[in-house]
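A.B. asks: Build the 3D model from these lines:
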Amino acid sequence: MPGTRQPGVNASLSEVLDQMWIRFLPDIRDRISVLDSAATAAAANRITAEQREAAHSAAHKLAGVLGTFGLAEGTGLARKLEMYFSPGAAPDPEFGKRLAGAVAELRTMIENRRPGN
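C.D. replies: So this is what the prediction gives:
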């Protein structure tokens, strides 16, 4: 019947997403580390083009995956970080400190995600 919920299907989808989360969590954490290193370098006014490119790529990938796992706010934050680390951006040290705060917020969202969320 259209519009009727099937609890077994929803539970199965939730279980599959939880399994995928566990599988991809190491990659997600690695991407957060890349962002953290780049934000620290930006705060010290020593970010390299390679760090900026790696951070841009990491943020782009996070933006693409976090919504799948119910972290829509994380997707939005990752998109902002992607923009901040874009090749044309030139963050000053104060801007780097804000980036570090945004990365910390994203890390907290990821670490606080629980199965079924």
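A.B. asks: Can you report how many residues lie near residue 81?
C.D. replies: Per other CB atoms under 10 Å, the neighbour tally for residue 81 reads 24. (Each C-beta comes from the backbone N, C-alpha and C, glycine too.)
A.B. asks: gap between it and residue 19?
C.D. replies: Distance of residue 81 to residue 19, given as CB to CB, to the nearest Å: 27 Å.
A.B. asks: pLDDT below threshold where in this structure?
C.D. replies: Low-confidence regions of the chain, defined by pLDDT under 70, span residues 1-11, 89-93, 115-117.
A.B. asks: For burial, what's the neighbour tally of residue 34?
C.D. replies: Counted with other CB under 10 Å, residues neighbouring residue 34 total 21.
A.B. asks: now do the one 10 residues further on
C.D. replies: Taking other CB under 10 Å as the neighbour definition, residue 44 ends up with a count of 11.
A.B. asks: wait, it sits on residue 96?
C.D. replies: Yes: using CB atoms under 8 Å, residue 44 is in contact with residue 96, at 7.1 Å.
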